[in-house]
Each structure stands twice: as structure tokens, then as C-alpha cells.
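K.L.:
From the sequence below, what's the structure:
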Amino acid sequence: MATALALRSLYRARPSLRCLPVEFSWAPRRGHRLSPADDELYQRTHISLLQREGFQTMYIDSYNSRGFMINGNRVLGPCALLPHSLLQWNVGSHQDITEESFSLFWMLEPRIEIVVVGTGDRTERLQSRVLRAMRQRGIAVEVQDTPNACATFNFLCNEGRVTGAALIPPPGGTSLTSLGQATQ
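P.N.:
Numbering: from 1, shown residues only. Here you go, the predicted model:
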């Protein structure tokens with residue numbers, strides 16, 4: 001207690017330690033709101049669009065033993081679907097699928113999350129070294145029969161996932177006709 005009284009008397013004795021009231025030549029306005037001229041956050045941003053990109057997703061309309069109908073384009077034989085492109089895929093059956101035939105899926109940016117593989121009218125096992133190579137590159141592989149692979153690919157694309165597909169047409173009489181073709 002004695003220390004507190006000693007400090008109080010010392011503080012009162014030295015006027016330079018006290019904060020003196022400050023007088024402003026102008027009165028601060030507490031209710032001031034920023035206008036667009038006051039803050040650069042309110043300034044308009046101008047964007048010049050150099051190239052339009054179509055954000056059309058891939059959609060498998062139909063398939064048959066000869067090929068696929070994708071976004072209205074007819075593709076004969078096996079095909080590889082990428083987020084914004086469609087390619088012929090040079091494989092004859094699930095036995096021809098190698099690391100090299102999957103290489104186009106891991107060379108792309110943005111990186112593909114999952115590749116759906118359609119192996120024809122039955123679900124076939126792929127070589128373990130091919131699946132291991134895809135897993136090491138961070139790409140999931142879903143192997144299904146082609147009808148289910150088409151449905152899975154359409155579902156994943158509709159969700160907005162970065163998806164690829166490697167499809168082999170089902171042999172024989174298995175086919176899916178789209179609604180647009182059925183009415184014609």
C-alpha cells in the first residue's frame with residue numbers, strides 16, 4: 001500500500017508523464033461512411049476476356065456394339081473421354097490396356113481424379129501393374145462393364161468432378177438408345 005501511495009505522489013509531481021488532452025483543429029466525425037472514391041475496394045474491376053471457353057461437359061448419349069454417341073458426335077470403336085475432349089482409343093479388348101494406353105490420363109492439367117473404364121459387356125480385371133501405376137499417380141480407376149461405366153461417367157460429370165473414361169463398346173446386342181434417337 002505504501003508503494004502505491006509513493007507512486008501516486010510521484011505521478012502527480014511530474015506533469016510530463018501525464019497525457020494532456022489533445023485539441024483537434026477539426027472535429028472527428030464518427031459516422032463517416034466510405035464512398036467509392038475513398039476506398040479502392042469499391043473501385044470497379046475491368047476484365048478483358050481473351051478467349052471464351054465452353055464449359056460444356058461430356059455426356060454419353062448412347063452406345064451400341066459399334067461405338068458411342070457422345071454429345072451428339074458418333075464415335076466408332078473404343079474411345080477415351082477427357083473433360084473437354086474425345087479421342088479414339090487404340091485398344092481392342094481389356095487385355096490390350098497397358099500403362100502406355102492410360103498415359104494420356106495422367107499427362108493432363110487439371111489432373112483427372114478418376115478414370116471410369118468400360119470393359120465391354122462384362123466387368124473384366126485389369127493388369128495389376130496398370131492399376132498400381134495409376135494409383136501411384138493419384139488417379140482412381142473404376143472398372144465396370146460398359147453400360148454401367150457410361151452411367152457412372154455421366155453421373156460423375158454431372159457432379160462436376162474431373163473425370164475421364166476409357167470405353168470399349170459391348171459386343172453383341174447390348175445397346176442403349178438415347179431418348180432423342182428413340183423419337184426419330
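K.L.:
Phe105 belongs to a strand, doesn't it?
P.N.:
No. Applying DSSP: H, G, I helix; E, B strand; the rest coil, one finds Phe105 to be helix, outside a strand.
K.L.:
Near it, how many other residues are there?
P.N.:
Phe105: 20 surrounding residues under other Cβ atoms under 10 Å. (C-beta placed from N, C-alpha, C; glycine too.)
K.L.:
Surely it and Gly138 touch.
P.N.:
No. Here Phe105 does not reach Gly138: they are 11.0 Å apart, not a contact under Cβ atoms under 8 Å.
K.L.:
Just list whatever residues bridge to Leu82.
P.N.:
Beta bridges link Leu82 to Ser85, judged by DSSP bridges.
K.L.:
and it, how many neighbours does it have?
P.N.:
With other Cβ under 10 Å as criterion, Leu82 counts 17.
K.L.:
I figured it hits Val162, correct?
P.N.:
No. Leu82 is not in contact with Val162 according to Cβ under 8 Å; the separation is 9.4 Å.
K.L.:
which residues do these two both contact?
P.N.:
Ile112 (Cβ atoms under 8 Å, 6 or more residues apart in numbering).
K.L.:
low-scoring stretches of the chain, by residue?
P.N.:
1-56, 173-184 (pLDDT under 70).
K.L.:
What segments of it are strands?
P.N.:
60-63, 67-70, 73-76, 79-82, 85-88, 114-119, 140-144, 163-168 (DSSP state E).
K.L.:
Would you mind giving the ones you listed as CSV with distance to Ala151 added?
P.N.:
What follows is the strands of the chain, written out as CSV (distance: least, Cβ to Cβ, whole Å):
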stretch, distance to Ala151
strand 60-63, 8
strand 67-70, 13
strand 73-76, 17
strand 79-82, 13
strand 85-88, 18
strand 114-119, 9
strand 140-144, 9
strand 163-168, 11
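K.L.:
looking at those strands, which is buried most?
P.N.:
Compared across these, strand 163-168 shows the largest average neighbour count, a mean of 26 (mean count of other Cβ atoms under 10 Å).
K.L.:
For it, which outside residues touch it?
P.N.:
58, 60, 63, 68, 78-83, 89, 91, 93-94, 97, 101-102, 105, 108, 112-120, 146, 149-150, 153, 156-157.
K.L.:
Return the set of buried residues in stretch 136-153.
P.N.:
139, 141-147, 149-150, 152-153 (16 or more other Cβ atoms under 10 Å).
K.L.:
Ok, stretch 119-136 next?
P.N.:
Buried-residue list, stretch 119-136, by 16+ other Cβ under 10 Å: 119-121, 124, 126, 130-131, 133-134.
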